[in-house]
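# Below is the sequence, then the predicted model.
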Amino acid sequence: MNFLSTEQVPRQQRLQILNDFIGRKVARRQFRPLVDDVSVELNTITLPNGLMVGKARYSPMAGKRTSEMLADGRDDYLLAIQNADCEITIDGRPSITVRKGDAMLVNEAVHSEFRLPHTTVTVLSLGFRELTTRIPRLQARPYYHMAGSCRGINLLAGYSDLLLTEPATAQMLGERAAGHIYDLAALAVSASMSGEAEADRASIGGARLDIAKRHIVKRLREPDLNVTSIARDQGVTPRYLQRLFEAEGTSFSEFLRDARLDLAFDTLTDRRQDRASISTVAYDCGFSDLSHFNRSFRKRFERTPSDVRAAALKRRS
């Protein structure tokens, strides 16, 4: 966790510190104050997969991605959520007004300049690979403007605040926390691609369901995993999450059971697990009832766990 405040710095040194630290390492822009007194307060946390999460309070300020800075070769993305109206210019085009509560996503490989009033801003530095993997068409444009009414924006801002409030927990979660941020950013950007989001997904609910499924798969081995826990992680109600599964003709419990059975099948055919008993495999895959595991396994694969293991051993002999 990094913290910077200009309050304890002599006024004549504030702009230099602003550009040396925030300008070069965080926002990667050259700052120009719009009033005489420069005032900045910044909290940041760095997480895996090229992610930086920050919250800053600025006095009126302009920040420009200059030609000199473009020479660093960076092509990551900066996402900012404002609490006041501001203006941004991209690649020399006419300026765009970004309203209070809206978000802007800018590729760092292009010229850009923003002009901020006195404001507090949530800022995310997002790795190119991680973001474009989730949104393959992202590179079609260097800039995206996301309305604050987009559900993903509120989720993204709230989760970012949570990580900054609990930095030790955020660091402990590591890639899991970073994955949440990237998933929510992708959800928000996709929803802003007027009409394009529907081409990728049936709805934002579909994207939400995909996020939930990934988190379930990561936590399969937890025997007490339930819809309430996953819903809480996603910032939605259990009933809302259940409806998303029902729209696919299944349920949370059925998806969880089948994913655990798939994990058990893979474990039983893994030569590194040959010495593990059937009961150990079942419990390690999140099942608490061995009889239920055996019945469910046979119904899904039309073979018993012992049959699957025996066949695997025979193939390797």
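Looks like it came in fine.
# Pull the contacting residues for Ile81.
101-103, 121-123, 148, 153, 156-157 (CB atoms under 8 Å, 6 or more residues apart in numbering). Yep, even glycine has a C-beta here, placed from its N, CA and C like the rest.
# let's go with 6 Å and repeat that
103, 122, 157 (CB atoms under 6 Å, 6 or more residues apart in numbering).
# Of those residues - the most surrounded one?
When neighbours are taken as other CB atoms under 10 Å, the top entry among those is Ala103 (26 neighbours).
# Quick check: phi and psi on that residue?
Phi and psi for Ala103, reported as degrees, to the nearest 10, are phi -130, psi 150.
# Distance check, it against Gln30.
Look at Ala103 and Gln30: by CB to CB, to the nearest Å, they are 22 Å apart.
# next one: Ala178
For Ala178, the distance to Gln30 - CB to CB - is 28 Å.
# And for Arg176?
Distance, Arg176 to Gln30, using CB to CB: 35 Å.
# Please apply the same query to Lys64.
In terms of CB to CB, Lys64 sits 5 Å off from Gln30.
# Repeat that for Arg257.
55 Å.
# Can you give me the neighbour number for Leu47?
22.
# Phi first, then psi, for it.
Dihedral pair for Leu47: phi -130, psi 170, per degrees, to the nearest 10.
# mean confidence for stretch 129-149?
For stretch 129-149, the mean pLDDT works out to 86.
# Would you mind pulling the contact partners of that stretch?
Outside stretch 129-149, the residues touching it (CB under 6 Å, 6+ apart) are 49, 77, 90, 101-107, 110, 153, 182, 186, 188-189, 192.
# Likewise for stretch 91-101?
Defining contact as CB under 6 Å, 6+ apart, one finds that stretch 91-101 is touched by 84-89, 104, 110-111, 148.
# Quick check on these: which are buried?
Applying 16 or more other CB atoms under 10 Å to the contacts of stretch 91-101, the neighbour count classes 84, 86, 88-89, 104, 111, 148 as buried.
# JSON lines for the residues you listed, including secondary structure and distance to His292?
Formatted as JSON lines, the buried ones among the contacts of stretch 91-101 follow (DSSP: H, G, I helix; E, B strand; the rest coil; distance: CB to CB, whole Å):
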{"residue": "Ala84", "secondary structure": "coil", "distance to His292": "56"}
{"residue": "Cys86", "secondary structure": "strand", "distance to His292": "57"}
{"residue": "Ile88", "secondary structure": "strand", "distance to His292": "56"}
{"residue": "Thr89", "secondary structure": "strand", "distance to His292": "61"}
{"residue": "Met104", "secondary structure": "strand", "distance to His292": "51"}
{"residue": "His111", "secondary structure": "coil", "distance to His292": "61"}
{"residue": "Gly148", "secondary structure": "coil", "distance to His292": "47"}
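# Closest one to Leu70 out of these, please.
Of all those, Leu70 sits closest to His111, with 7.0 Å by CB to CB.
# Tell me the spatial nearest neighbour of the closest one, not counting adjacent residues.
With CB to CB, 6 or more residues apart in numbering as the criterion, His111 has its nearest non-adjacent residue at 5.2 Å, and that residue is Asp91.
# And the strands in this structure, which stretches?
Assigned by DSSP state E, the chain shows strands spanning 2-5, 30-33, 40-47, 51-58, 61-65, 77-82, 86-90, 96-98, 103-107, 112-116, 119-126, 143-146.
# That's all I had, so thanks and see you.
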